Structure formats: structure tokens, C-alpha cells
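*Asks:* Sequence and predicted structure below; questions after.
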Amino acid sequence: MGKRHGRYGFDAPWALAGLLLGVITLAALTVLSFTFDVPEAGVAFLLGGTYTLASAGSHLYTTRHGKPAVWAAELDRLEGGERLLDLGCGRGAVLTLAARRLDEGHVTGLEQRSKEALRARANAGREGVADRVSLVVGDLRDLPFEDSAFDVVVTDQAIHTIARPEGREQAVREALRVLRPGGLMLIADQHHTRVYEDTLRSLGVVDVRRRDAGWRFWYGGPWSRTEILEARSPAA
């Protein structure tokens, strides 16, 4: 995958902070339990702290190494000339990976928060791909693009942030609308992927499959695993 130069922060930083706070709390309780000669409680707190530490390590690994590795493998299928849209691109972690593979193509990142879009633009510069990247601030439920504008549409952990089910359904509909016939859609998400699949099938998408992204995409453990939904827009 090569060395990355962007500043992408941490995914779900509050969740990570909660895990680390849990480790500190359980470690303190372990010390207190053994200090006051309550070994049974000390062992329980020690096991809990170890488990929580492992979860925090899993979250950190996914953010820094696992997720980029999974996406790099998914994007290796690009031929180099595609028009790709990254929905909810954040600071550009997936966007810049795609841009590296598009010698003659172009990547458009849509982000709902203007500050994150500015950070994504800065990261594209740090990665040396700014000439292949455009950033747009907009709503996933109302994309400012024409029908069939893109060859590939990707999104990572973005659609589930829309609070209402009908909003998430509309985001999937919009993603399909801007994808050309025969184009590729990749949705990576921890939540609602079965519902996204049902929405696509209701819109006539037959070539669709949902799969586990594997342990490299766990945010703490298998209970917070990521699934990838892969679909091809129906040919005209």
C-alpha cells in the first residue's frame, strides 16, 4: 500500500476514548482490589481490563492499518481511468487511496461538513494527488450530480450516520442514481447493510452481495465488525 502522508485522525474517537478510559478505570480497580485483599474482585477487574485493552488495540489497528489495507485491496480492481465518487469522505482516507490508482481518472469526495472537506483537500495535497481530486460539500440524501455521472461509488461508515431510516434509504437511492449502468458500488458499514441490500434489490439491482470485511475491519472486536456491500448498477 505504501507509506501514507495524510493526517486522517481516528475513527469514532469518542468510542476509542471510552475504551481507553475503561482500561484506566479497570486497572485502578484491580490495584485497589489487591491492595485491600479482595483477590477475586482483583482477578475479575484484571480480566476485564485486559479484554478492554484488547478492544482498544483492535480499534486503533483498524483505524491506522486494517481499514486502509481492506480498502486498498478493494480498490485494486480500478483500471485507472474511472470517475469515482466517495460519499461522506471525511478527511479523505479512502479518497486518497482511490486517487493513487487513477492515473487518468478523477475522484470526487462529497462531505457534509465543510471543515472535514478542507482537511480532505489538505490530505490530498500531502499525498500528491490533489490534481485528481475534487471536494464538494453536500447532503448524501440529495446529491448535486447528474444521473450516471460516475463509474464507481464508494462510501465508508457514512450512511449509518443519517438518523432516520428513510434518510438512509434515500442516500442509497441517490448513490445508485449517480452511478452509470454497469458501474460498481462499494458500501462499507457496521450497521444496516442488510437494509441497504434490500433497498438496492427493490430498485432492480440483481448483482449485489454482502460480505464480512474480516478481522482487519473490527472496531474493537467481532461484535463491531464491518460488512461490505458490493453491487453493480443494472446495465441500460
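*Replies:* Great, that's in hand.
*Asks:* For residue 184, see how far away residue 27 is.
*Replies:* 46 Å (CB to CB, to the nearest Å). Backbone N, C-alpha and C define where each C-beta goes, glycine included.
*Asks:* and the two? which has more neighbours close in?
*Replies:* residue 184 (21 against 17; other CB atoms under 10 Å).
*Asks:* now the protein, which segments are flagged as low pLDDT?
*Replies:* Low-confidence segments of the chain, defined by pLDDT under 70: 1-2, 236.
*Asks:* where along it do the helices fall?
*Replies:* For the chain, the helices defined by DSSP state H cover 13-35, 39-61, 67-75, 93-100, 114-126, 165-177, 193-202.
*Asks:* First-to-last residue distance for stretch 175-195?
*Replies:* 15 Å (CA to CA, to the nearest Å).
*Asks:* next one: that stretch to chain centre, how far?
*Replies:* 13 Å (CA atoms, centre = their mean, to the nearest Å).
*Asks:* Mind listing what's buried along it?
*Replies:* 175-180, 183-190, 192-193 (16 or more other CB atoms under 10 Å).
*Asks:* Check stretch 105-123 too.
*Replies:* 105-112, 116-117, 119-121, 123.
*Asks:* Need the residue closest to the centroid of the protein.
*Replies:* Nearest residue to the geometric centre of the chain (CA atoms, centre = their mean): residue 156, 2.8 Å.
*Asks:* can you list the domain ranges for this protein.
*Replies:* What automatic domain parsing lists as the domains of the chain is 13-65, 79-232.
*Asks:* ok, so of the buried residues of stretch 175-195, who is nearest residue 8?
*Replies:* residue 188 (15.2 Å; CB to CB).
*Asks:* Could you pick out the longest strand of this structure?
*Replies:* strand 179-189 (DSSP state E).
*Asks:* OK, contacts around the nearest residue to residue 136 once chain neighbours are set aside?
*Replies:* By the measure of CB to CB, 6 or more residues apart in numbering, the closest residue to residue 136 outside its immediate chain neighbours is residue 110, 5.0 Å from it. Neighbouring residues of residue 110 by CB atoms under 8 Å, 6 or more residues apart in numbering: 85, 86, 87, 88, 89, 135, 136, 137, 138, 140, 143.
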